[in-house]
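# Following is a predicted model, sequence given first.
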Amino acid sequence: MATASSSLTFSTSLPKFCRPYSISRTPPPQVSVYFKKLSISSSLKISRRTTTRASSMTSSGITTIDQNNKKVVEVFDTEEDLAVSLAKYTADLSDKFAKERGAFTVVVSGGSLIKSLRKLVEAPYVDSIDWSRWHVFWVDERVVPKDHPDSNYKLAFDGFLSKVPIPPGNVYAINDALSSEGAADDYETCLKHLVHTGVINISSLSGFPKFDLMLVGMGPDGHVASLFPGHPLLKENQKWVTHITDSPKPPPERITFTFPVINSSAYIALVVCGAGKASIVQTALGKSQNSEVFPVQMVSPEGELKWFLDKDAASKL
Ligand SMILES: O=C1O[C@H](COP(=O)(O)O)[C@@H](O)[C@H](O)[C@H]1O
């Protein structure tokens, strides 16, 4: 098992795989997008791509819902507004799943997403959420030691997990002592164990694990998790977790959930901020003529997909 940093200890009550660390403290259908001007933006155009949709003003932006209420796009004036809304969205789902099934399985990415979760560690949510129900997983992880600056675990631990009372045994980090292939296999074994014990649901439609909520970001190249444009792993349809040794974004060795797992989710929040990502957002949601299919366009969950965009990311819509 992995060598943990000095602040981490092992729980020994679980099988040898996925022992958690104790913490000391084909593209989806085109969504109908219907934007009006934001209160502080003069750059957003009204875009009416199709006819069947619902659209309503929110406190800071526009909500657009597709015909099946399965895809929602919300644009916020600021990343601060986005973070406030993301916290409420997550807290509401935490309540729902805690009541319905006594557990809340949450998958996080690395990257800028973690900073956008900051409102969860503040009042009222830090006190009102039943953190004991949370089980936390990573949609992708860099195969580096857990105290390495590139570790998605470290990013989440420093910015989020160390500030909330999630039981240490419910935080499922990768085994960083293994090769990338070994770590992916080990993580998949961990997920299978947790399906067996009823912590993780299984999708009756796909047969893949069905997580309650995935909170994921998108890279400026349109990658999600560690699934990169044009990479053969985009087509993986057997494994739950796979590995990559040639990631175009450093570090090269990573593990990642596959699309069948991502797309079996009950809810996915896709959080995208910044002008550097506006072109991909335009391709995914707007009028772009780009024929290339980016990984983010392959995100199409069984349940609800909600895009959280700041106005810079939405600036080309
Ligand atoms: O390498 C990664 O990048 C993506 C996107 O990161 P961002 O900083 O541009 O938001 C991230 O979602 C993924 O988990 C991470 O491994």
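Received the coordinates, thanks.

# can we go C-alpha only for contacts and neighbour counts from here?
Fine.

# how about Ser247, what does it touch?
226, 228, 253-254 (CA atoms under 8 Å, 6 or more residues apart in numbering).

# pLDDT score assigned to it?
At Ser247, the model reports a pLDDT of 98.

# how much space between it and Met214?
Distance, Ser247 to Met214, using CA to CA, to the nearest Å: 22 Å.

# Kindly report the residues of the stretch 1-150 of the chain close to the ligand.
109-113, 140-141 (CA under 6 Å from any ligand atom).

# The residue nearest to the spatial centre of the chain bridge partners, please.
The residue lying closest to the centre of the chain (CA atoms, centre = their mean) is Val216, at 2.2 Å. Here Val216 sits in beta bridges with Leu270, going by DSSP bridges.

# dump the residue contacts of it.
So Val216 contacts 107-110, 113, 139, 224-225, 268-271 (CA under 8 Å, 6+ apart).

# and stretch 79-87, how far from the chain's centre?
Centre-to-centre, stretch 79-87 and its host chain are 15 Å apart (CA atoms, centre = their mean, to the nearest Å).

# For it, give the mean pLDDT please.
Stretch 79-87 comes out at a mean pLDDT of 98.

# Can you list the neighbours in contact with that stretch?
Applying CA under 8 Å, 6+ apart, the contact partners of stretch 79-87 are 60, 75-76, 116-120, 125, 273, 308-310.

# Selection in PyMOL covering whichever of the residues you listed are buried, please.
Typed into PyMOL, the next command selects the buried ones out of the contacts of stretch 79-87 (criterion: 16 or more other CA atoms under 10 Å):
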select buried, resi 60+75+76+116+117+118+119+120+125+273+308+309+310
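
# For stretch 222-232, give me every contacting residue.
109, 139-141, 216-218, 221, 233-234, 244, 247-248, 254-258, 277, 280, 293-296.

# What separation is there between the residue lying closest to Ser109 once chain neighbours are set aside and Thr197?
Computed as CA to CA, 6 or more residues apart in numbering, the closest residue to Ser109 that is not its neighbour in sequence is Val216, at 4.9 Å. Look at Val216 and Thr197: by CA to CA, they are 25 Å apart.

# cool, Glu188 as well?
Shown here: Glu188 relative to Thr197, a distance of 14 Å by CA to CA.

# neighbour count winner among those two?
Ranked by neighbour count (other CA atoms under 10 Å), Glu188 and Thr197 place Glu188 first, with 19 against 10.
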